[in-house]
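Student: Predicted model, plus sequence, below.
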Amino acid sequence: MQQTAANSSFFIVFLVIELVILAVYLVAFWKIFTKAGRPGWAILIPFYNAYVLLKISGKPGWWLILYLIPLVNLVISILASIGLARNFGRSDTFGVVMLWLFGAIGYLMLGYGNSKYMSSSTLPVVNSAPQLQPAPVQQ
């Protein structure tokens, strides 16, 4: 009888922790979606929330299908995290470490921090090739 009570107590504590983590993610993503000009309620709809997140990340919507393939979904989630970080003016390292590995903290930082959303079309283009200037004409 005592074993059953201990198991149910553990289950209740585990459930409360999971609900708190879920609430943190919901609040963070709601704020991120609204910063990006998307409806915050989109986070509440399964599959549509992943589609909207891909769009905010600057990735094509059809990548949603790739989330259903084991191991490929890991790569896609890393690429989407990097794209999200870039579109909020953060580094690729922030995308991998803070969004992919430590998401609860990273998403709160994006949502409630001073990061501004820049769509892929408004991001500055970084050209790594040197610009060649024509030689001045001497007279």
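Tutor: It's in. Numbering: from 1, shown residues only.
Student: Which helix or which strand is home to residue 75?
Tutor: Assigned by DSSP states H and E, residue 75 falls within helix 72-87.
Student: In terms of secondary structure, what does the helix or strand following that helix contact?
Tutor: Downstream of helix 72-87, the next assigned helix or strand under DSSP H and E is helix 92-94. Contacts defined by 3 or more CB pairs under 8 Å, 6 or more residues apart in numbering; DSSP states H and E place helix 92-94 against helix 72-87. C-beta coordinates here come from the backbone N, C-alpha and C atoms, glycine included.
Student: circling back to that earlier point, residues making contact with the helix holding residue 75?
Tutor: Helix 72-87 is contacted by residues 32, 36, 53-54, 56-59, 63, 66-67, 91-92, 94-96, 98-100, 110, 117-120, 123 when judged by CB atoms under 8 Å, 6 or more residues apart in numbering.
Student: please redo it, this time with the cut-off set to 6 Å
Tutor: Identification of contacts with helix 72-87 by CB atoms under 6 Å, 6 or more residues apart in numbering yields 54, 57-59, 63, 66-67, 92, 94-95, 99-100, 118.
Student: next one: stretch 13-32
Tutor: For stretch 13-32, the surrounding residues in contact (CB under 6 Å, 6+ apart) are 40, 43, 104, 107-108, 110-111.
Student: Sort out which residues of the worst-scoring helix or strand of the chain on mean pLDDT are buried, please.
Tutor: One helix or strand of the chain scores below all others by mean pLDDT, DSSP states H and E: helix 2-35, with a mean of 88. Of the residues in helix 2-35, 27-35 count as buried by neighbour count, 16 or more other CB atoms under 10 Å.
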